[in-house]
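K.L.:
What shape does this take:
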Amino acid sequence: MEQVLQFFFEFKDAIFIIALSIFLGIEVISNVPAVLHTPLMSGANAISGVIIIGGIILVGHANLTSFSLELVLGILALIFGTLNVVGGFAVTDRMLEMFKKKKK
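P.N.:
Next comes the predicted model:
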């Protein structure tokens, strides 16, 4: 327990910035109009693509013979980045379907 408190005390500035960015992100995302949703989703897909490339680089440089932090973080980056890109494309496709002409 003492180590956890020491960790929070050492990194209190970083923890504060992360918490503030979470609240700011939730506030910004909840106030985005539907018209801007598709361009923002495309930007998020681009960022997730960069995360996937970073995960590939991290896994490539990790020591594959042992269970290391680099390997775990790289695999998590690959999984979550891929899920975000696929989900983003699915949502973008559904949004674009709404603007197509209906067939009679």
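K.L.:
Walk me through the domains of this protein.
P.N.:
With automatic domain parsing serving as the domain definition, the record reports that the chain contains domains spanning 1-31, 35-97.
K.L.:
highest average neighbour count across these?
P.N.:
For the domains of the chain, the stretch with the most neighbours on average is domain 35-97, a mean of 14; neighbours defined as mean count of other CB atoms under 10 Å. (Glycine included, C-beta is placed from N, CA and C.)
K.L.:
Could you export the domains of the chain to TSV, including columns for mean pLDDT and distance to Lys103?
P.N.:
Converted to TSV, the domains of the chain look like this (pLDDT from 0 to 100; distance: least, CB to CB, whole Å):
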stretch	mean pLDDT	distance to Lys103
domain 1-31	89	34
domain 35-97	84	12
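K.L.:
biggest helix in the chain by residues?
P.N.:
Looking across the chain with DSSP state H, the single longest helix is helix 69-98.
K.L.:
any idea how far Phe11 is from Ala34?
P.N.:
Remark: distance between Ala34 and Phe11 (CB to CB, to the nearest Å) = 38 Å.
K.L.:
so which strand or helix has Gln6?
P.N.:
Element membership for Gln6, per DSSP states H and E: helix 2-10.
K.L.:
After that helix, heading C-terminal, what element do we hit next?
P.N.:
Scanning the chain past helix 2-10 towards its C-terminal end, the next helix or strand to appear is helix 12-30 (assignment: DSSP H and E).
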